[in-house]
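Participant: no FASTA, just this:
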């Protein structure tokens, strides 16, 4: 059959599409015409401190200073002629990544042009000029980010997980705290990724498992065992070390429960793993015993709170004495209006409102006001938005936004706490 004039040539080569004025279509046209060299040549390779460039068979080091979000702020190297350190390029901080002009001009002769394109969030700036249009966007893996408008050029694949924000927003509209180098979900600064297990107020194990929680080990618990079922006392602080044998001091209110018999309880559970090492913290510890079920008359509840001058010991003990201490669901699991909305939020994390992550021993009696439920619901929505699909991060934020405020001020459970 005669060839249709609209069909591709018989030899299999496609003619390049016309270059349009739109920078997205211009990039597509350019990529079709680009050819990969048959013999690649090494120009540079990255290191933890910057990168190494190669020129005429000679390797030289370029060092870079990065801020807390991975942005390359300063590149410098030693001038081989003068043996003096010189600035190659300086990027003054701008939250959305647009480069300031009019400061120190770049001295790219000491660096590598391609390597110097890795700037904002450590990603490559695509500054090609195609068809008279300069791209000036960053390749962030899943999407392309345009710092001149502070928005993504592509829609968010996870838009349904961030329904309160535009699918084109960058880093939750807060690039001072968040970064999104994958184009999928924003992250905060790198934090501790290790579990700490304590007994008698001392660290007995520290493991790198992606969980920043601090757990109270029951008697009989062995090193290497699962943390499931252990009381969560709090979370590690970024930048602090947790070595085996170290004493733990919390700077937050904390609590712990155990199903050990009364006779097994001692100073470990009365203290709850917290020590007032520096004397800067007011600490009070009250051990309360209660039956949590007819089948466990020996079950004991240990309660410990550490504050920083917010609640005086006598006041806190009086609060505990005047109201019965009950196992409380922070996010209600029996409300006709709120429970469904809360369950929907945690569905993506495979969590249930009846889970231990959502329970705590608190002094309370009676129903919670709607103001409390609204507070929990809004806090859960905020935690989910910031955590993305990261379950561990959501649980940490839930602890920060919901559990800790309620533990510090149990009066929020009652109407009087909102008047």
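Facilitator: Okay, I see it. Small disclaimer: the values here were computed from a predicted structure and weren't measured.

Participant: how about the helices in the chain?
Facilitator: Under the criterion DSSP state H, helices of the chain are mapped to 23-33, 267-271, 313-322, 338-346, 370-387, 391-398, 404-408.

Participant: which residues are contacting the longest one?
Facilitator: Same thing as helix 370-387. 161-162, 164-165, 172, 178, 186, 188, 330-332, 335, 337-338, 341-342, 345-346, 348, 393-394, 396-398, 400-402, 412-413, 415, 417-418 (CB atoms under 8 Å, 6 or more residues apart in numbering). Using the backbone N, CA and C atoms, a C-beta is placed for each residue, glycine as well.

Participant: distance of residue 346 from residue 46?
Facilitator: Distance of residue 346 to residue 46, computed by CB to CB, to the nearest Å: 39 Å.

Participant: more neighbours, the two?
Facilitator: Ranked by neighbour count (other CB atoms under 10 Å), residue 346 and residue 46 place residue 346 first, with 22 against 12.

Participant: show me what contacts the more buried one?
Facilitator: 331, 352, 353, 380, 384, 394.

Participant: For ChimeraX, what selects the buried ones among these?
Facilitator: Buried residues within those, by 16 or more other CB atoms under 10 Å, are selected in ChimeraX with:
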select :331,353,380,384,394
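
Participant: Kindly indicate which of the contacts of residue 346 lies nearest residue 41.
Facilitator: Nearest to residue 41, judged by CB to CB, of the contacts of residue 346 is residue 394 at 46.0 Å.

Participant: that older thread, so of the contacts of residue 346, which two are at opposite extremes in space?
Facilitator: Among the contacts of residue 346, 352 and 384 lie farthest apart (CB to CB), at 15.4 Å.

Participant: For residue 240, give its distance to residue 156.
Facilitator: Distance, residue 240 to residue 156, using CB to CB: 34 Å.

Participant: between these two, which one's more packed in?
Facilitator: Neighbours were counted for residue 240 and for residue 156 using other CB under 10 Å; residue 156 has more, 21 against 9.

Participant: residues in contact with the nearest residue to that one once chain neighbours are set aside?
Facilitator: Spatial nearest neighbour of residue 156, excluding adjacent residues (CB to CB, 6 or more residues apart in numbering): residue 167 at 4.0 Å. By CB under 8 Å, 6+ apart, the contact list for residue 167 reads 152, 155, 156, 159.

Participant: Kindly indicate which of the residues you listed lies nearest residue 65.
Facilitator: Using CB to CB, residue 152 comes nearest to residue 65 of those, at 27.1 Å.

Participant: The closest residue to residue 148 other than its chain neighbours: neighbouring residues, count only.
Facilitator: Excluding the flanking residues, the one nearest residue 148 by CB to CB, 6+ apart is residue 98, at 5.8 Å. Look at residue 98: counted by other CB under 10 Å, it has 14 neighbours.

Participant: next one: residue 212
Facilitator: 20.

Participant: what's the domain layout of this structure?
Facilitator: What automatic domain parsing lists as the domains of the chain is 44-173, 191-313, 323-419.

Participant: could you dump those domains to CSV with mean pLDDT and distance to residue 182?
Facilitator: Compiled in CSV, the domains of the chain are given as follows (pLDDT from 0 to 100; distance: least, CB to CB, whole Å):
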stretch, mean pLDDT, distance to residue 182
domain 44-173, 86, 5
domain 191-313, 50, 17
domain 323-419, 85, 10
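
Participant: Report the separation between the residue lying closest to residue 60 once chain neighbours are set aside and residue 87.
Facilitator: Excluding the flanking residues, the one nearest residue 60 by CB to CB, 6+ apart is residue 53, at 5.8 Å. As for residue 53, its distance to residue 87 is 16 Å (criterion: CB to CB).

Participant: Who has more neighbours out of the two?
Facilitator: Shown here are residue 53 and residue 87; by other CB under 10 Å, residue 53 has more neighbours (22 against 15).

Participant: Tell me the bridge partners for that one.
Facilitator: Beta bridges link residue 53 to residue 44, residue 60, judged by DSSP bridges.

Participant: correct me, but it touches residue 47?
Facilitator: No: using CB atoms under 8 Å, residue 53 is not in contact with residue 47, being 10.8 Å away.

Participant: If you drop the residues flanking it in sequence, what lies closest to residue 122?
Facilitator: Closest residue in space to residue 122, ignoring its immediate chain neighbours: residue 70 at 4.3 Å, by CB to CB, 6+ apart.

Participant: these two touch, right, the one you found and residue 118?
Facilitator: No: if you go by CB under 8 Å, residue 70 and residue 118 don't touch, sitting 9.9 Å apart.

Participant: These two - which one has more neighbours?
Facilitator: A count of neighbours by other CB under 10 Å puts residue 118 above the other of residue 70 and residue 118, at 21 against 16.

Participant: Enumerate every residue touching the residue lying closest to that one once chain neighbours are set aside.
Facilitator: Using CB to CB, 6+ apart and skipping residues adjacent in sequence, the residue nearest residue 118 is residue 124, 5.4 Å away. Taking CB under 8 Å, 6+ apart, we find residue 124 in contact with 117, 118, 138, 139.

Participant: Understood, closing this out.
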